[in-house]
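J.: starting from these lines, generate the structure:
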Amino acid sequence: GLPEARERYARVLELDPDDLEARRTYGELLSEAGQLDEAQAQLAQVVAATPGDLRARRALALVLAARHAGNELSTELAEIVRLDPEDMDARLELGASYASVGNVDAALAAYEEVLRRHPKNAVALKIAADLYRGKGEPAKAAAYYEKLRRMAPDDPRPWFLLGTSYYEAGRLDAAERMFTEGARFPGMLGDAYSILGAIAFRRG
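T.: Have a look, this model is predicted:
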């Protein structure tokens, strides 16, 4: 079991403190057991000794995420991405970690890089669009929501998000079209009519 495995690796490290593979595995086992402080200490030692050890870095990133260590997590994920540029999961996590500490521009840069490499990544499209909306740039948000809508024409969410972005950008005719078409989805009629009423009110 896990307790026995942890004890075994702890004994190995007592005999040979320079056994980095054992230390990495020990850190992973500590992480699984929820002993996050000690897990971080063990994995940090491995990373310090072998900066290119991606397995140790990914394990350390999991620990930092569990500890909600925003800035430290961003730094670790940025290094993982540098070492493995094709790790799209790490790039998405990097964007999320930047966003979690309020670094919206860095988060957008991370998601934009995912989209440069994989233009149809739905997660990156959705979150980048949301971030642009939050920044008060509805036109940019609309461009991404439009791509999502074309990728998933049977999903009502992109229609309503796109319509909202058009509304915020002052493009009322385009917004009205999105919400009118969005009203056809099951269960969305009330929401669509409510927003269409807001558009009519804004027009006077």
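
J.: which stretches in the protein count as strands?
T.: Taking DSSP state E as the criterion, the chain contains no strands.

J.: okay, which residue is most central for it?
T.: residue 96 (3.6 Å; CA atoms, centre = their mean).

J.: tell me the pLDDT of that residue.
T.: For residue 96, the pLDDT comes out at 96.

J.: residues contacting it?
T.: 107, 127 (CB atoms under 8 Å, 6 or more residues apart in numbering). Backbone N, C-alpha and C define where each C-beta goes, glycine included.

J.: can you tell me how far it sits from residue 14?
T.: 38 Å (CB to CB, to the nearest Å).

J.: now swap in residue 98 and tell me
T.: Per CB to CB, residue 98 is found 40 Å from residue 14.

J.: cool, and residue 6?
T.: 13 Å.

J.: ditto for residue 116
T.: Relative to residue 14, and taking CB to CB, residue 116 is found at 48 Å.

J.: over to residue 89?
T.: 35 Å.

J.: out of the two, which sits in the more crowded spot?
T.: Neighbours were counted for residue 89 and for residue 14 using other CB atoms under 10 Å; residue 89 has more, 12 against 8.

J.: quick check, pLDDT for that one.
T.: Value listed for residue 89 in the pLDDT field: 96.

J.: use 881 as the first number for this chain going forward.
T.: Got it, the first residue is 881 from now on, which makes the last one we talked about residue 969.

J.: list the contacts of it.
T.: Going by CB under 8 Å, 6+ apart, residue 969 touches no other residue.

J.: measure stretch 990-1006 end to end?
T.: In stretch 990-1006, first residue to last residue: 13 Å (CA to CA, to the nearest Å).

J.: what does it contact?
T.: By CB under 8 Å, 6+ apart, stretch 990-1006 touches 966, 968, 971-972, 974-975, 978, 1007-1008, 1011, 1024-1025, 1027-1028, 1031-1032.

J.: again, but for stretch 1019-1031
T.: With CB under 8 Å, 6+ apart as the criterion, stretch 1019-1031 contacts 999-1000, 1002, 1005-1006, 1008-1010, 1012-1013, 1035, 1037-1039, 1041-1042, 1045-1046, 1049, 1051.

J.: quick one, helices of this structure?
T.: All helices of the chain, identified by DSSP state H, fall at 882-895, 900-912, 916-929, 934-946, 950-963, 968-980, 984-997, 1002-1014, 1018-1031, 1036-1048, 1052-1062, 1069-1083.

J.: now the first one against helix 916-929, angle please.
T.: Between the axis of helix 882-895 and that of helix 916-929 there is an angle of 40 degrees, by axes from the mean of the first three to the mean of the last three CA atoms, to 10 degrees.

J.: where does the chain have low pLDDT?
T.: Within the chain, no range satisfies pLDDT under 70.

J.: now do 80
T.: Scanning the chain for pLDDT under 80 picks out the ranges 881-882.

J.: what about residue 918, neighbour count?
T.: By the criterion of other CB under 10 Å, residue 918 has 15 neighbours.
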